[in-house]
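structure of the sequence below:
(one chain, ligands or ions: 1)
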Amino acid sequence: MAETARISRRGAARWMQGHPWIYRSDVVQPPPAVAGAVRVESEDGRFQGMALWSPRSTISLRMLTREERSIDGAFWAARIGAAAAYRERLAPDATAYRLVHGEADGLPSLVVDRYDRYLVVQLLSAGLERFRGEIVDALRERFEPAGILARHDVAVRDFEGLPRGVEPLYGTVPEQVAVREGAVRYLAAPHHGQKTGAFLDQRENRVRAGELSRGRALDCFAYHGSFALHLATRAERVVAVDSSGPALERAAANAALNGFAQITPIEANVFEFLRAEEAAGSRYDIVVVDPPAFAKRRDAVASAIRGYKEVNLRALRILEPGGYLCTFSCSYHVDHAAFREMLRSAAADAGRPVRWIEARGQALDHPELLQVAESAYLKGAILQAL
Ligand code: SAH
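Numbers count the residues shown, from 1 in each chain. Predicted structure coming up:
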């Protein structure tokens, strides 16, 4: 029988509305247990559900189920099976994509990405970490991977009182894994690359940018060139700009892997590069702007918006008439409304009419939970400058 936690009326109401987190301030009686799965009751003793318990974190409880049941191997296998079934229906045209996206798959604080025959996993809460064995067993059973790697070198593990590190959980995972994404192939770096080895949340947006590409193309904040590769499927020249030398070395390797001689990696600060291109009178048929999160905290939103606006304004200025801008923000503190308003203001300052072609978001294998605002972090738009 699991131990019991009691939560405030406010916490219970939040849960009922579909947000799976209970913060420490809403825990009126912590369970006597170490981290793991616990029963949750309201202040007046009514059963609320089963949750993962994190004694050290400010997010104390993460809802698993409203059913009173044991959280065992069969539970994890069923949830992982449901996550896999959803991806089977999506049938991503790629060999690298997200298999488990945390809360939105009913698997709070668990991330599982597939890179061909390998899985990269993140167990991001103390409660979840207690079920490492059951989860690895379920993943091996369901996907029969050649190797499973834990990318636990992330700051959120500190808040949970968990150690950081990169460690094999099963078999071996190579330093680089060649994967396919639609018409292109690229090398993911599961051990050292950003996130779990690539930015999988942009997969569908990269394919879309490729469809719109032609003539002269520019990939700003290119990382290992993943947008640039798709742009190169239809463009004559592609410039890929990033400030990271090692990322651009992989961009060059990825270009070679696809036989794309028309991609030129340039190591530069995007802000300075765009200013110089504008001054030099360079013009492009399509520009991608995919910066890192400028607003990592809420109090950084105003300065982040200024950064986003500047880069989008400059990108709009160097577009040929009819050229496309594919632009993104992965700061969840910058919401859809703020993102759109920032683009309106950039277009106004660019002094040319700009069409809003379509709204974009994170790939469908990274589902959002409607009741969890934080889960919709990636905003995007495709604009056309007239
Ligand atoms: N578009 C990529 C992901 C980009 S991540 C993809 O789909 O895979 C953001 C990138 O921006 C990182 O590679 C980082 O090195 C780079 N970066 C951050 N600040 C920069 C700046 N001011 N100028 C150029 N690159 C920058």
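
with adjacent residues omitted, what lies nearest to the spatially most central residue of the chain?
Among the residues of the chain, the one closest to the centroid is Asp201, at 4.6 Å (Cα atoms, centre = their mean). Excluding the flanking residues, the one nearest Asp201 by Cβ to Cβ, 6 or more residues apart in numbering is Gln362, at 4.4 Å. Every residue, glycine included, has its C-beta placed from N, CA and C.

how about Ala350?
In space, Ala350 comes closest to Leu316 once its chain neighbours are excluded; the distance is 4.0 Å by Cβ to Cβ, 6+ apart.

mind listing what the one you found touches?
By Cβ atoms under 8 Å, 6 or more residues apart in numbering, the contact set of Leu316 is 325, 346-347, 350, 352, 354, 383, 385.

one more pass at 7 Å, please.
Taking Cβ atoms under 7 Å, 6 or more residues apart in numbering as the contact definition, Leu316 lies against 325, 346-347, 350, 352, 354, 385.

now secondary structure, distance to the ligand and neighbour count too, for those, in TSV please.
Shown next, in TSV, are those (DSSP: H, G, I helix; E, B strand; the rest coil; distance: Cβ to the nearest ligand atom, whole Å; neighbours: other Cβ atoms under 10 Å):
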residue	secondary structure	distance to the ligand	neighbour count
Leu325	strand	14	26
Ala346	helix	17	23
Ala347	helix	22	20
Ala350	helix	20	19
Arg352	coil	24	13
Val354	strand	22	19
Ala385	strand	21	21
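
the residue nearest to Asp201 contacts Arg203, doesn't it?
No: the criterion here is Cβ atoms under 7 Å, and Gln362 misses it with Arg203 at 9.2 Å.

give me the pLDDT value at the residue nearest to the centre of the chain.
The per-residue pLDDT reported for Asp201 equals 98.

quick one: it is in a strand?
No: Asp201 is assigned helix when assessed by DSSP: H, G, I helix; E, B strand; the rest coil, not a strand.

pLDDT value on the residue in the chain sticking out farthest from the centre, please?
The outermost residue of the chain relative to its centre, with distances by Cα atoms, centre = their mean, is Asp44 at 39.0 Å. At Asp44, the model reports a pLDDT of 94.

how about the secondary structure of it?
Following three-state DSSP, Asp44 is assigned to coil.

now do the domain split for this protein, please.
The chain breaks down by automatic domain parsing into domains covering 4-65, 73-177, 199-385.

give me the distance between the two termini of the longest one.
With Cα to Cα, to the nearest Å as the measure, domain 199-385 spans 27 Å from end to end.

also stretch 324-335?
End-to-end for stretch 324-335, by Cα to Cα: 22 Å.

which residues are contacting that stretch?
205, 209, 212, 286-290, 293-295, 298, 301, 304-305, 308, 312, 315-316, 319, 339, 343, 374, 377-385.
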